[in-house]
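Engineer: Fold the following.
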Amino acid sequence: MKFNPFKYLILIILCFTLSACSGGLNAGLEAYQSPDGRYAFLYPTGWTRVKVEGGPEIIYHDLINSNETLSLVVSDVNKEIDLEQLGSPIEVGQTLIDKVIAPKGSGRSVELVDAKKRESSNHIFYDLEYKLNLNEQYRHEIATVVIDRGTLYTFAVGTNEDRWNKVDAMFSNVIESFNFLI
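Structural biologist: Residues are numbered from 1 along each chain as shown. Predicted coordinates for the structure are as follows:
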């Protein structure tokens, strides 16, 4: 792959812009940019990337608290569809519960705590917050869902419920950092 200094300049500008806008709330976060330069996000310092065969496109987890995870699932959708055509934030959040997170027979219990629409970089994002009971393990997760050029991105970060209050602000910054560069 040929070195393209323009892509790196954009990533550096994005990182400084995100840091300046947050008033320092992004301390302890590192930048990730997709190999094709299409999207970028921040993730907690000290987390490591892992590969799972047949799993999400990207997975990071904390080395100390291994139950703290970040994932990016990428799916193709009809190029003519936009996020709002899939439904409201609440409807899309409930669809994710019913079809992905806790389908019938999974033994999982999930509550959609919050669902809201956000606009950034000419895209509509649905930010979703969940409380999950996965076989008596209680978790708290936030996710953002966005469509770009016929691709649905589901970006999520979560932890055990007992650690949620310690990381919720940082995790919100991570979710809101997901952005498109091209």
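
Engineer: Run through the strands of the chain in chain order.
Structural biologist: For the chain, strands defined by DSSP state E occupy the ranges 29-33, 39-44, 47-50, 58-62, 69-76, 108-120, 123-134, 137-148, 151-160, 179-180.

Engineer: What residues are bridge-paired with the spatially most central residue of the chain?
Structural biologist: Nearest to the geometric centre of the chain sits Phe155, at 2.2 Å (C-alpha atoms, centre = their mean). Counting by DSSP bridges, Phe155 is bridged to Leu72, Thr144.

Engineer: Now do it against Asn135, distance only.
Structural biologist: 24 Å (C-beta to C-beta, to the nearest Å). Any C-beta I mention is one placed from the backbone N, CA and C, and that applies to glycine too.

Engineer: How about Gly150?
Structural biologist: Counting by C-beta to C-beta, the gap from Gly150 to Asn135 is 35 Å.

Engineer: For this protein, give me the ranges with low pLDDT.
Structural biologist: 1-26 (pLDDT under 70).

Engineer: go with 80
Structural biologist: Flagging of the chain using pLDDT under 80 yields the residue ranges 1-27.

Engineer: Now do the buried residues in stretch 165-178.
Structural biologist: In terms of neighbour count (16 or more other C-beta atoms under 10 Å), stretch 165-178 has its buried residues at Val167, Met170, Phe171, Asn173, Val174, Ile175, Glu176, Ser177, Phe178.

Engineer: what's the neighbour count on Glu84?
Structural biologist: 13 (other C-beta atoms under 10 Å).
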